[in-house]
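Colleague: Model the structure of this input:
(one chain, ligands or ions: 1)
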Amino acid sequence: MTDNNSKSQAYVQCINPACRAQFDCMEVLYKCPKCGELLDTLYNWDKIELPGKLSNFGKRWATRDNRLDFSGVWRFRELLNFCPDKNKVSVGEGQTILEQNCAIAEHLGMKPDCLHLQYEGLNPSGSFKDNGMTAALSHAMMVGAKSCACASTGNTSASVALYAHKCGIKCTVFIGTGRIAFGKLSQAMDYGAQTIQIHGDFDDCMKQVQDVCNELGLYLLNSLNPYRLEGQKTIMFRIIEALGWQVPDWILVPGGNLGNSSSFGKAFYELKELGLIDRIPRLVIINSTGADTLNDLVNNKGLKWNDGNVDQKIIDDYYADLTAKNFSPHTIASAIEISRPVNLKKCLRAIDVCNGLVMAVPDEEIKDAKALIGKYGLGCEPASAATVAGLRHLLADGTIDKDARVACVLTGHVLKDPNLTVNYHKDLEGQFSNPPVEVANDLQEIIKLIK
Ligand code: F0G
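Modeller: Predicted structure coming up:
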């Protein structure tokens, strides 16, 4: 236990208002040892030299020969100041862009310059996870971890494998049976991770990995890890940066284990508290209908943050019911095929902070939205496209105005799940199917097709 008045710049604190136990950042903890709740990484801001205004971070573009200024995460390092520079691990993460996409905006009936796609597929392992892994593995280096592990629907394992290799530590990843997109599985194997496929789904893997990490003292890299979520805050900083240091009106993000949404809420809360932004955007978290625990709990069971006094009985009853029904989630957006999201309570807090909404969209709409993004944008994997599928509904029912400034977070690269893309186009499954055309090996026949 520690006391935040000590000299440290950062500490860890339990999110439970009845507990609020505090710990030193050198302790390796994923849940509060006193009450079992989630933990936050917090800061004694008065001990940190902040830039005065957010735009000052932009000056680091000029000094990007410094590896930390080059990183799209560590460029903002004072806002996630939990470890010394010497421990910071970087493989050039966060070189992402915010694509203003007029074609998709027009297609959705929005004012053309209003839609922005935050393309996290440009990260070194091809997904947003690298924002979190650079931070968590920096903490792992700080505490001297020698081996690490994660459960994954694919992207976490790819990212962990990449960063663990960079750090020279052993890495074990747990994946469910038959539920991981090939692009992602290939990365974990190629980057040299020990890949363990459990007979079960992601939620089973998540449970096992926590027990394994406790038993064997492995460093856990799932989003329970409070340092990982610190890195993911920078996705929001980069959106603000790309908008000329202005805040958008809406942020849309797919919801799986709910790490991103939790960290986005924390990012905006802290920026507002620090006086670095003057308003907080609204957040929409989008589930797939085949894995819609958050949507069901928030919209049908009335679950709320309630100043931290979350009604645990609603959650317990819900999970008991899933167990009784032997429920296993199913969606083509395999990245978000999760029914017991570990960051549920932090996400409820983010919804509270950002006046947020939750919704669910069916697989067919996710597939079409994915193809729309592929046709007019940079492409993405299915889970990412849930954002644009959701946006279509929110525009149609007037929740989001056609001239509101919207940023959809495209969480993963289109090449992560090539099977789904090829099947969609070849099997003429949807609105934007674009199958290859077969032709004889004959010049005239080929010319006829192209003319
Ligand atoms: N999008 C993609 C591409 C993902 O890989 C994930 C999560 C999410 C969205 C959901 O994000 O968990 O922060 O709500 N993938 C994890 C994994 C679970 O193991 O790769 P979240």
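Colleague: give me the beta-bridge partners of the residue of the stretch 1-150 of the chain found nearest the ligand?
Modeller: The ligand sits closest to Ser127 of the stretch 1-150 of the chain, with a gap of 5.1 Å, by C-beta to the nearest ligand atom. For glycine as for every other residue, the C-beta is placed from the backbone atoms N, C-alpha and C. Using DSSP bridges, the beta-bridge partners of Ser127 come out as Gly412.
Colleague: That one and Tyr119 touch, don't they?
Modeller: No: applying C-beta atoms under 8 Å as the test, Ser127 and Tyr119 come out as separate, 10.8 Å apart.
Colleague: ok, now which ones touch Val439?
Modeller: Residues near Val439 by C-beta atoms under 8 Å, 6 or more residues apart in numbering: 445-446, 449.
Colleague: circling back to that earlier point, ok, now which ones touch the residue of the stretch 1-150 of the chain closest to the ligand?
Modeller: Going by C-beta under 8 Å, 6+ apart, Ser127 touches 120-121, 155, 158-159, 381, 411-413, 416.
Colleague: any idea how far it lies from Ile447?
Modeller: Distance, Ser127 to Ile447, using C-beta to C-beta, to the nearest Å: 41 Å.
Colleague: Could I get the full set of strands for the protein?
Modeller: Along the chain, the segments classed as strands by DSSP state E run 10-14, 22-23, 39-43, 97-100, 115-119, 147-152, 170-175, 194-197, 219-220, 250-254, 282-288, 357-361, 406-410.
Colleague: Mind putting the ones you listed into a markdown table with mean pLDDT?
Modeller: Shown next, in a markdown table, are those (pLDDT from 0 to 100):
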| stretch | mean pLDDT |
| --- | --- |
| strand 10-14 | 98 |
| strand 22-23 | 98 |
| strand 39-43 | 98 |
| strand 97-100 | 98 |
| strand 115-119 | 98 |
| strand 147-152 | 97 |
| strand 170-175 | 96 |
| strand 194-197 | 95 |
| strand 219-220 | 98 |
| strand 250-254 | 99 |
| strand 282-288 | 98 |
| strand 357-361 | 98 |
| strand 406-410 | 98 |
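Colleague: Please render these as TSV that adds mean neighbour count and distance to the ligand to the earlier fields.
Modeller: Formatted as TSV, these follow (neighbours: other C-beta atoms under 10 Å; distance: least, C-beta to the nearest ligand atom, whole Å):
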stretch	mean neighbour count	distance to the ligand
strand 10-14	21	20
strand 22-23	20	23
strand 39-43	21	16
strand 97-100	17	17
strand 115-119	25	12
strand 147-152	27	3
strand 170-175	24	8
strand 194-197	15	13
strand 219-220	26	13
strand 250-254	28	4
strand 282-288	27	8
strand 357-361	23	12
strand 406-410	29	8
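Colleague: Mind putting those strands into JSON lines with distance to His425?
Modeller: Formatted as JSON lines, the strands of the chain follow (distance: least, C-beta to C-beta, whole Å):
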{"stretch": "strand 10-14", "distance to His425": "47"}
{"stretch": "strand 22-23", "distance to His425": "51"}
{"stretch": "strand 39-43", "distance to His425": "43"}
{"stretch": "strand 97-100", "distance to His425": "22"}
{"stretch": "strand 115-119", "distance to His425": "21"}
{"stretch": "strand 147-152", "distance to His425": "27"}
{"stretch": "strand 170-175", "distance to His425": "26"}
{"stretch": "strand 194-197", "distance to His425": "29"}
{"stretch": "strand 219-220", "distance to His425": "38"}
{"stretch": "strand 250-254", "distance to His425": "22"}
{"stretch": "strand 282-288", "distance to His425": "21"}
{"stretch": "strand 357-361", "distance to His425": "20"}
{"stretch": "strand 406-410", "distance to His425": "19"}
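Colleague: now the helices for the stretch 201-350 of the chain?
Modeller: 202-216, 226-242, 259-273, 293-295, 312-324, 344-353 (DSSP state H, counting those that start in this stretch).
Colleague: among those helices, which is nearest the ligand?
Modeller: Among these, if distance is taken as C-beta to the nearest ligand atom, the winner is helix 259-273, at 3.4 Å.
Colleague: next one: that closest one to chain centre, how far?
Modeller: Computed by C-alpha atoms, centre = their mean, to the nearest Å, the chain-centroid distance of helix 259-273 equals 12 Å.
Colleague: heads up, I number from 42, so please use that
Modeller: Sure, I'll start counting at 42 from here, so that last one is helix 300-314.
Colleague: would you put the C-alpha positions of that helix in CSV?
Modeller: Only the C-alpha atoms of helix 300-314 are listed here, as CSV (Å, rounded to 0.1, in the frame of the first residue of the first chain):
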residue,chain,number,x,y,z
GLY,A,300,-10.3,-1.5,-22.8
ASN,A,301,-10.4,1.2,-25.5
SER,A,302,-13.6,2.8,-24.4
SER,A,303,-12.4,2.8,-20.7
SER,A,304,-9.1,4.5,-21.6
PHE,A,305,-10.8,7.0,-23.9
GLY,A,306,-13.1,8.1,-21.0
LYS,A,307,-10.1,8.4,-18.7
ALA,A,308,-8.2,10.4,-21.3
PHE,A,309,-10.9,13.0,-21.7
TYR,A,310,-11.6,13.2,-18.0
GLU,A,311,-7.9,13.9,-17.3
LEU,A,312,-7.6,16.4,-20.1
LYS,A,313,-10.6,18.3,-18.9
GLU,A,314,-9.4,18.2,-15.2
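Colleague: My read is that Gly99 contacts Glu282, right?
Modeller: Yes: using C-beta under 8 Å, Gly99 is in contact with Glu282, at 6.3 Å.
Colleague: between the two, who's got more neighbours?
Modeller: It is Glu282, of Gly99 and Glu282, that has more neighbours when counted by other C-beta atoms under 10 Å, with 20 against 14.
Colleague: wait, isn't that one in contact with Phe98?
Modeller: Yes: the criterion here is C-beta under 8 Å, and Glu282 meets it with Phe98 at 7.0 Å.
Colleague: now the spatially most central residue of the chain, nearest residue through space, not along the chain?
Modeller: In the chain, the centroid-proximal residue (C-alpha atoms, centre = their mean) is Asn301; its distance is 3.7 Å. Of all residues not flanking Asn301 in the chain, Val294 sits nearest, at 5.2 Å (C-beta to C-beta, 6 or more residues apart in numbering).
Colleague: Spit out the contact partners of the one you found.
Modeller: Residues near Val294 by C-beta under 8 Å, 6+ apart: 301-302, 305, 324-327, 428, 449-450, 452.
Colleague: so how far is Cys421 from Met475?
Modeller: Residue 475: Asn, not Met. From Asn475 across to Cys421, the span is 16 Å (C-beta to C-beta).
Colleague: quick one, which of the two is more surrounded?
Modeller: Cys421 (30 against 12).
Colleague: Relative to the ligand, how far out is the more buried one?
Modeller: From Cys421 across to the ligand, the span is 8 Å (C-beta to the nearest ligand atom, to the nearest Å).
Colleague: so what's the backbone phi/psi at that residue?
Modeller: Cys421 adopts backbone torsions of phi -160, psi 170, taken as degrees, to the nearest 10.
Colleague: what's near enough to touch it?
Modeller: Residues near Cys421 by C-beta under 8 Å, 6+ apart: 160, 162, 411, 414-415, 451-455.
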